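J.: Sequence first, then the predicted structure, then my questions.
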Amino acid sequence: MCRNIRTLFNFEPPATDEEIRASALQFVRKLSGFNIPSKANEDAFNDAVEEVSDAARQLLRSLATTSPPRDREIEAEKARARSRERIAPR
């Protein structure tokens, strides 16, 4: 589950609200142990996702770096190459 949480800082173009929310959703799923919450826990679960999204958005706005922004496509290709190496037959 945590493998789906991706680094969102210092990319060009910047992280979208959808990407931030997806990472927040994965984080709340991991913390709660629920992939899909019960009806009794649905409101608390959804509130947590929104609060984590807000906190992540604020964090991303607040961070500073002197490094140039990374290219999403280049980083995605690096990740695919690492994945191929990890699952390659030995």
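T.: The structure has been received and is ready for your questions. Numbering: from 1, shown residues only.

J.: Now do the buried residues in the longest helix belonging to the chain.
T.: Ranked by residue count, the top helix of the chain under DSSP state H comes out as helix 39-62. Residues of helix 39-62 classed as buried by neighbour count (16 or more other CB atoms under 10 Å): Phe45, Ala48, Val49, Val52, Ser53, Ala56, Arg57. No exception for glycine: its C-beta is placed from N, CA and C like everyone else's.

J.: Any chance of CSV for these, columns distance to Glu75?
T.: Listed next are those as CSV, based on distance: CB to CB, whole Å:
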residue, distance to Glu75
Phe45, 30
Ala48, 28
Val49, 25
Val52, 23
Ser53, 22
Ala56, 18
Arg57, 20
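
J.: Name the nearest of those residues relative to Ser83.
T.: Using CB to CB, Ala56 is the member of those that sits closest to Ser83, with 24.6 Å.

J.: Any stretches of this structure with poor pLDDT?
T.: Residues of the chain meeting the criterion pLDDT under 70: 1-4, 90.

J.: Quick check: closest non-adjacent residue to Ser53.
T.: Leaving aside its sequence neighbours, Ser53 sits nearest to Ala24 (CB to CB, 6 or more residues apart in numbering; 4.2 Å).

J.: And Ser32, how far from Arg86?
T.: Look at Ser32 and Arg86: by CB to CB, to the nearest Å, they are 28 Å apart.

J.: More neighbours: which of the two?
T.: Neighbour count, other CB atoms under 10 Å: between Ser32 and Arg86, Ser32 has more, with 14 against 7.

J.: ok, now which ones touch the closest residue to the more buried one other than its chain neighbours?
T.: Distance criterion CB to CB, 6+ apart; nearest residue to Ser32, sequence neighbours excluded, is Phe45 at 6.3 Å. Residues near Phe45 by CB atoms under 8 Å, 6 or more residues apart in numbering: Val28, Ser32, Phe34, Pro37.

J.: got the buried residues for stretch 22-33?
T.: Across stretch 22-33, burial judged by 16+ other CB under 10 Å covers Ala22, Ser23, Ala24, Leu25, Gln26, Phe27, Val28, Arg29.

J.: Strands along this protein, start to end?
T.: Along the chain, counting by DSSP state E, strands occupy 11-12, 70-71.
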